[in-house]
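*Asks:* how does the following fold in three dimensions:
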Amino acid sequence: MFPPRESRFRRPIVLYSILSSLLISFSFGNITTLVAEPSFGTAKGERVIFLGGTFAERLQYFGYFESLLTRHESARELVVRNMAWPGDEVALMPRPYNFVISAGTGVPDDPTPGFGFSFESDADHETLMAHLEAQKADTILLCFGANESFKGKAGLSKFASDYQKLIEHLSPKKFNGKSPARFIIVSPIAQEKLGAPYSDPQHRNQNLKLYAAKIAEIAKKNDLLYVDLFTPTFAQMKQSRGKSFTIDGSQLNTHGQRMVAEILAAGLEITDPWSDKLETLRKLIVEKNKQFQFRWRPINAEYVYGRRRDPFGIISYPPEMAEWDKIILGLERKIHAEAKKLKSSK
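*Replies:* Prediction:
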């Protein structure tokens, strides 16, 4: 499913066969991707990471895209981790004090910090990279641009520069200990027109379109796979016929999550649509994601890796974290078994 690391992505081409392209165009409008020859491979345990802001973070609570991906790649037993954070931007990923330590590496940022509350900017991405290494990232989906687009045309140049710096910073790193990660760049979705009391999203969509186009340029410049979510979601939202896709114009509801899941999957050459037969798989995935969030981003982190971890946190929490790892592993075994059952029943 994911191209080999050494391949270079080519110019936009028609996805799949003529028939599947017609089906996709009928459902979603034009989907632009930069794709290489598909390579499904035989290696198991490919580790897929989501990075980005609220859009990417909310994918974990619904599980539609991950269900399509997991069923399609059932033989490879993918491991998916959502490490997106609400409000994140390409050059702004603030994290709680000492969050780097929860990756199992690093040292306290300040030996005598006091007991205030603060976030660290992680401008050098050291904390991010520590967690990508802890998760042994193989493939990383970058889902940025929505927050940055509020700055409009005036912020476009800086956004492009910051995105390029992020890619250049992460690209050489061998988070899995063997080879550099693959990157897939995903555009923001469109904003839906809901009517009063919500404002008209015309200006927002103009900016989102600008940023999606710039993201496509960045992907082409770096020979990376690009999936355009803006164009097909804009088309679908215009033809909604009274059925909304969002809760507030920008955050997807269940209906919108299913729509975007199929669009994103199609951009990765996964053409099987959503089916209610996947509901058991989806619920397992949602539960796994919830347990991973408890493990990765604990609610009261001050007692896990923050200022109040001494003395009891350093005694109590390592065994607790290990138990969480077992819970997550058990859920993933069930996920892989269910995905294989679904695949074999087609």
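*Asks:* pLDDT score for the residue nearest to residue 209 when sequence neighbours are not counted?
*Replies:* Residue nearest to residue 209 in three dimensions, not counting chain neighbours: residue 230, with 6.1 Å by Cβ to Cβ, 6 or more residues apart in numbering. Bear in mind the C-beta positions are built from the backbone N, C-alpha and C, glycine included. With respect to pLDDT, residue 230 scores 98.
*Asks:* most centrally placed residue in this protein?
*Replies:* residue 50 (2.7 Å; Cα atoms, centre = their mean).
*Asks:* now do stretch 233-246: distance from first to last residue.
*Replies:* With Cα to Cα, to the nearest Å as the measure, the ends of stretch 233-246 fall 11 Å from one another.
*Asks:* also stretch 149-159?
*Replies:* 9 Å.
*Asks:* likewise stretch 263-272?
*Replies:* Stretch 263-272 end-to-end distance (Cα to Cα) = 11 Å.
*Asks:* from the chain's centroid, how far away is it?
*Replies:* Computed by Cα atoms, centre = their mean, to the nearest Å, the chain-centroid distance of stretch 263-272 equals 15 Å.
*Asks:* all helices of the chain, in order?
*Replies:* Assigned by DSSP state H, the chain shows helices spanning 18-28, 54-62, 64-72, 126-134, 156-170, 202-221, 230-238, 254-267, 279-296, 313-344.
*Asks:* shaky segments in the stretch 201-346 of the chain?
*Replies:* Along the stretch 201-346 of the chain, segments meeting pLDDT under 70 span 346.
*Asks:* repeat that with 80
*Replies:* 240-242, 307, 314-315, 346 (pLDDT under 80).
*Asks:* show me where pLDDT drops low in the stretch 51-200 of the chain?
*Replies:* 104-120.
*Asks:* same thing but 70
*Replies:* 105-118.
*Asks:* and the strands in it, which stretches?
*Replies:* For the stretch 51-200 of the chain, applying DSSP state E, counting those that start in this stretch gives strands covering 79-82, 95-96, 119-120, 139-143, 182-186.
*Asks:* and the residue nearest to the centre of the chain, how far from residue 182?
*Replies:* Distance, residue 50 to residue 182, using Cβ to Cβ, to the nearest Å: 13 Å.
*Asks:* could I get the strands of the stretch 51-200 of the chain as TSV with mean neighbour count and distance to residue 297?
*Replies:* Output for the strands of the stretch 51-200 of the chain, formatted as TSV (neighbours: other Cβ atoms under 10 Å; distance: least, Cβ to Cβ, whole Å):
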stretch	mean neighbour count	distance to residue 297
strand 79-82	23	10
strand 95-96	19	9
strand 119-120	14	13
strand 139-143	23	17
strand 182-186	23	21
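*Asks:* understood, closing this out.
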